[in-house]
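> Structure of the sequence below:
(one chain, ligands or ions: 1)
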Amino acid sequence: MDLSVSVLPKAIKHGAIVLDNHRAVKINFIKNKAQSVDIINQATGQRHTIKCKYLIVAAGPIATPHLLLASGIESVSSATQHIGHNLMRHINGVVSGVVPYIANPDNTLAKRVAIADYYFGDSSSKSSPKGNWGIIQDIATPGKGVIKANAPFGLKNIAATFSQFLINQLVIAEDIPQYYNRVYCADTKDSFGMPNVAIYHRYHARDIAVRDALYNVAKRILKQAGAKIFYYMPIVTFSHALGTCRMGNNRNLSTVNPDCRLWDITNCYITDASVLPTGGSVNPSLTIAANALRVANIMLKR
Ligand SMILES: Cc1cc2nc3c(=O)[nH]c(=O)nc-3n(C[C@H](O)[C@H](O)[C@H](O)COP(=O)(O)OP(=O)(O)OC[C@H]3O[C@@H](n4cnc5c(N)ncnc54)[C@H](O)[C@@H]3O)c2cc1C
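Model prediction:
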């Protein structure tokens with residue numbers, strides 16, 4: 001169900017033109033409208049400008065605010081103090097348990113069990129973090145090569161050998177949107193003359209407490225399955241980046257209105273993960289796609 005299989009062929013049939021290897025480097029805003037977009041062919045360095053009646057920006061929560069800020073959005077919109085801010089990324093990690101049997105002999109059925117019992121936290125425990133926690137889901141053991149590459153020196157072969165005795169639980173926990181976690185333009189420029197992107201992100205103590213609380217639940221489950229030894233692996237990537245152009249009713253607290261249109265700009269919409277004001281704690285793709293379809297319908301009515 002990759003985009004290039006499920007969506008693009010249909011869009012092309014309806015007249016869409018897909019430019020591969022091109023990068024948008026500047027949106028030209030004039031007064032309260034996005035008039036055109038400067039794009040660059042990354043292979044040849046050739047530049048073009050495409051005029052637009054409507055513009056949808058969907059470059060993801062890092063690249064979308066970067067493009068807007070690099071385009072000087074501040075000079076045309078007064079509601080820009082939130083662009084790039086409130087960057088979230090979930091706080092994810094994997095708990096692996098070593099069991100005394102081959103965990104998945106047929107190498108099938110990975111990623112088919114998810115536990116949502118703790119999505120809203122654990123009200124029965126007084127010492128646990130308050131509010132939402134997240135989900136736990138089964139996740140496949142990576143191939144022996146990956147395990148070998150990531151295991152500590154001296155334990156690489158042992159880790160690869162024991163990989164078939166592993167059961168893994170992926171913990172996806174909700175992190176708090178914090179204003180100071182942000183995407184911004186650095187002072188330096190890249191080879192195409194665009195300011196380099198910079199990121200500041202620190203987890204809140206509550207984020208870590210929630211992830212650890214879910215770690216404990218995952219460990220309990222693995223123990224029940226017979227695990228004796230446990231290994232915790234925090235996921236440190238920005239694979240679930242969210243926020244940075246949050247949607248809201250109040251122009252002083254958000255970047256886009258509930259229709260995902262940039263405040264003050266009449267024809268520019270954002271439809272990627274950056275509009276989410278909070279992150280929830282499930283895999284985000286389907287929510288992002290559902291919201292994009294919602295905005296598409298709003299635009300069609302317009
Ligand atoms: C390794 C990995 C595993 C994941 N697994 C899951 C999963 O199992 N389930 C799930 O729900 N989610 C998963 N995610 C998260 C999910 O992929 C993202 O949340 C989602 O793709 C974000 O959608 P988006 O539309 O905001 O941005 P993206 O999908 O990142 O789309 C942005 C697009 O804009 C393009 N772009 C960026 N800048 C420019 C520019 N200047 N000019 C032109 N184009 C530009 C990018 O190349 C990209 O194609 C995973 C992510 C990663 C990295």
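> Count the residues that sit near the closest residue to the ligand within the stretch 101-250 of the chain.
Minimum separation of the stretch 101-250 of the chain from the ligand (Cβ to the nearest ligand atom) falls at residue 239, amounting to 3.5 Å. All C-beta atoms are positioned from the backbone trio N, CA, C, and that covers glycine. Applying other Cβ atoms under 10 Å, we find 11 residues neighbouring residue 239.
> Give me the phi and psi for it.
phi -60, psi -30 (degrees, to the nearest 10).
> cool, and residue 143?
phi -60, psi 160.
> Can you check the pLDDT for it?
At residue 143, the predicted lDDT confidence score is 83.
> residues near it, how many?
By other Cβ under 10 Å, neighbour count at residue 143 equals 11.
> Also residue 179?
10.
> which SS state does it fall under?
Per DSSP: H, G, I helix; E, B strand; the rest coil, the local secondary structure of residue 179 is coil.
> That one: what's it in contact with?
Going by Cβ atoms under 8 Å, 6 or more residues apart in numbering, residue 179 touches 82, 85-86.
> before we move on, the earlier item: relative to residue 60, how far out is the residue of the stretch 101-250 of the chain closest to the ligand?
11 Å (Cβ to Cβ, to the nearest Å).
> again, but for residue 237
13 Å.
> Neighbour count for the two, which is higher?
Neighbours were counted for residue 237 and for residue 60 using other Cβ under 10 Å; residue 60 has more, 17 against 8.
> residues from the protein in reach of the ligand?
23-24, 58-61, 63, 67, 239-240, 272-273, 283-285, 288 (Cβ under 6 Å from any ligand atom).
> Among those residues, which ones are in strands?
Among the residues of the chain next to the ligand, the ones falling in strands (DSSP state E) are 23-24.
> among the contacts of residue 179, who's most crowded?
Busiest of the contacts of residue 179 [other Cβ under 10 Å] is residue 86, holding 26 neighbours.
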